[in-house]
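*Asks:* here's a sequence, model it:
(chains A and B)
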Amino acid sequence: MNAAAIGIWRKNPALAWREIENETVIISPDESVMHELNDTGSMVWRSIDGRRNAEALAALLVEQYEVTKEIALADTVALLDELTSRKLLVPVEAGERSAPR
Amino acid sequence: MSSSVQIAATPLMDRLIARTVRMRSPLSVHFDLTYRCNERCVHCYLDHQDHGELTTQECTEILEQLAKAGTLFLTFSGGEIFLRKDLEQLLAVARRLQFDISLKTNALLVTRERAEMLQRHSVRRVQISVYSSEAAIHDAITKVPGSLERSLAAVPLLRERGIQVKLACPLMKQNLMAYRGVMALAERIGVPYVLDLTITPMMDGTHSPLEHRVSVEALLPVLQDSALQSCGTKIVPEDGFAPAVLGSGVSSGIESSAYDDLPCSAGHNSCYISPYGDVFACVQLPMPAGNLRTQRYGRIWEDAPALERIRNVRESQLPVCSKCEIRSYCERCPGLAWMEGGDLLGAYERACTLAEQKARLAGVAAPVSAWRKELSVKSGVRTGDAPSGSEQRPVVN
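*Replies:* Here you go, the predicted model:
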């Protein structure tokens, strides 16, 4: 299992972002690069709160969209991986964590 | 200035602009925190007396309202923003509300500690006013001895902390030919720059700053300078935030097809807030839309008649300009049309004369603006090749 699947993440506090018409625009100030998430990506992004893990985030997708748990989890892990590699998410260290939802 | 050196928005930025214009969402806000200043620039359009600035609490509430309204790009400017003792508090609020933060400053008060503070709050970009690479010229404009040295000393302090720096150089009689030096300086230190040919009347409508404005004829060497074109593509980063090399100090300089028949972003997806809480479509269009001490931002943005009036302007329906054969060379600003010509929908001499010169430089034979043709008809003078700017009888310059 990769880090995205087992870790807990929070949004990088240095970011600027807004959700506009169900799509999310994110700007990382270090590189002045703009990123965009579609509606499902936006839903995951909105729900990343430093407490939910990949499984909990995927469960929200299952509730909202007609998708199996397996597909939702695979998509969520892929998205978390991508967001992490772009430094849009930072890991929540064990000491910072409260109980997962 | 010239559409040929405007940098097109990236597809992503273009989409964002299109959506926010369609939704009428205030994507970008220019918030002047103070008009007080520690320089006394000869061309400045502001009254530097403090007539009752917004308090920290009032600014905080406004920022919360802006975030709720969907604003992403926030520019704190002035006056000199570092004269606000609560700047760090306001940056902390802006950070908490996830704005993309830019600052405009003369940077005289930027120290290592303040640069660290900006880094802590993830300020993305700082624009510094530089009028020349020669201290004698720069300091004569700011009226502060040593100001160029102090402004430039801030550049490494900021860049070492990952903050982008951009130089902004308004051009006027005092420094017109200094632009080459500013270009070379910017290239040497590796930062983008913008040369701004716009000198505006004061916000109360007084025309005194215009005495420093360069005549269109005197601008010709700048308009003809091919180095401006090539430098623009050399040093401007290729991302959605790329500025124009020649442009306006108040706009992003980003061209987008989303604006289509609209004069600019003002009132459509951007606006301006004064240190006293007044809301305008743009700092160059000080037509009061409302005041945030007595009204909620959302209410003003949605319902103010002044904003509605501006939003209804379509370039294709301008009574004179829509008929102009050299429109494509014109960078008519609705704010300047209002401030200089007194008519939001009207033509104004400066823009027409500049368009004629640019069309002539592009090889158009005997270019004459629609405004000048109408003037000729009214006065009974035959329309022909327009004389150069200095031969005109200007309205304000």
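
*Asks:* do you know how far B:Leu220 is from B:Cys330?
*Replies:* Distance, B:Leu220 to B:Cys330, by Cβ to Cβ, to the nearest Å: 17 Å. To be clear about C-beta, it is placed using only N, CA and C from the backbone, and glycine gets the same treatment.

*Asks:* what does A:Ala16 give?
*Replies:* 34 Å.

*Asks:* residue contacts, residue 64?
*Replies:* In the absence of a named chain, this looks at chain A. Neighbouring residues of A:Gln64 by Cβ atoms under 8 Å, 6 or more residues apart in numbering or on different chains: A:Met43.

*Asks:* that's the other chain; I wanted chain B
*Replies:* So B:Glu64 contacts B:93, B:97 (Cβ under 8 Å, 6+ apart).

*Asks:* which of the helices or strands spans it?
*Replies:* B:Glu64 is located in helix B:56-69, with elements delineated by DSSP states H and E.

*Asks:* from the chain's centre, how far out does that helix sit?
*Replies:* From the chain centre to the centre of helix B:56-69 is a distance of 23 Å (Cα atoms, centre = their mean, to the nearest Å).

*Asks:* mean confidence (pLDDT) on that helix, please.
*Replies:* Averaged over helix B:56-69, pLDDT sits at 98.

*Asks:* helix, strand or coil for B:Gln357?
*Replies:* Here B:Gln357 is recorded as helix under DSSP: H, G, I helix; E, B strand; the rest coil.

*Asks:* count the residues that sit near it.
*Replies:* Look at B:Gln357: counted by other Cβ atoms under 10 Å in any protein chain shown, it has 21 neighbours.

*Asks:* so what's the residue count around the spatially closest residue to it that is not a sequence neighbour?
*Replies:* Leaving aside its chain neighbours, B:Gln357 sits nearest to B:Val216 (5.6 Å; criterion: Cβ to Cβ, 6 or more residues apart in numbering or on different chains). By the criterion of other Cβ under 10 Å, B:Val216 has 25 neighbours.

*Asks:* go on, B:Lys373?
*Replies:* 17.

*Asks:* got the buried residues for the helix ranked longest in chain A?
*Replies:* Looking across chain A with DSSP state H, the single longest helix is helix A:69-85. Neighbour counts over helix A:69-85 (16 or more other Cβ atoms under 10 Å in any protein chain shown) mark A:72-73, A:75-77, A:79-81, A:83-84 as buried.

*Asks:* which one among those residues gets closest to chain B?
*Replies:* Chain B has its nearest neighbour among the buried residues of helix A:69-85 in A:Leu83, at 15.3 Å by Cβ to the nearest Cβ.

*Asks:* separation between the residue nearest the centre of chain A and chain B?
*Replies:* For chain A, A:Trp45 is the residue whose C-alpha lies nearest the centre (Cα atoms, centre = their mean; 4.3 Å). A:Trp45 sits 12 Å away from chain B, going by Cβ to the nearest Cβ, to the nearest Å.

*Asks:* what does A:Leu88 give?
*Replies:* Per Cβ to the nearest Cβ, A:Leu88 is found 12 Å from chain B.

*Asks:* my read is that that residue contacts A:His35, right?
*Replies:* Yes: counting by Cβ atoms under 8 Å, A:His35 is a contact partner of A:Leu88 at 6.6 Å.

*Asks:* do a quick rundown of the helices in the stretch 151-300 of chain B.
*Replies:* Taking DSSP state H, counting those that start in this stretch, the helices of the stretch 151-300 of chain B run over residues B:179-189, B:216-223, B:226-235, B:297-303.

*Asks:* those helices: which one's closest to B:Tyr45?
*Replies:* Judged by Cβ to Cβ, the one of the helices of the stretch 151-300 of chain B that comes nearest to B:Tyr45 is helix B:216-223, at 19.5 Å.

*Asks:* so which bits of that closest one are buried?
*Replies:* Within helix B:216-223, judged by 16+ other Cβ under 10 Å, the buried ones are B:216, B:218-220, B:222-223.

*Asks:* the lowest-mean-pLDDT helix or strand in chain A - contacts with which helices or strands?
*Replies:* Least confident helix or strand of chain A, by mean pLDDT, DSSP states H and E, is helix A:3-6 with a mean of 72. Helix A:3-6 sits against helix A:54-64, helix A:69-85, with contacts defined as 3 or more Cβ pairs under 8 Å, 6 or more residues apart in numbering or on different chains; DSSP states H and E.

*Asks:* now do the last one: distance to the chain's middle.
*Replies:* Between the centre of helix A:69-85 and the centre of its host chain there is 8 Å, according to Cα atoms, centre = their mean.

*Asks:* also the first one?
*Replies:* Per Cα atoms, centre = their mean, the displacement of helix A:54-64 from the mean C-alpha position of its chain is 11 Å.
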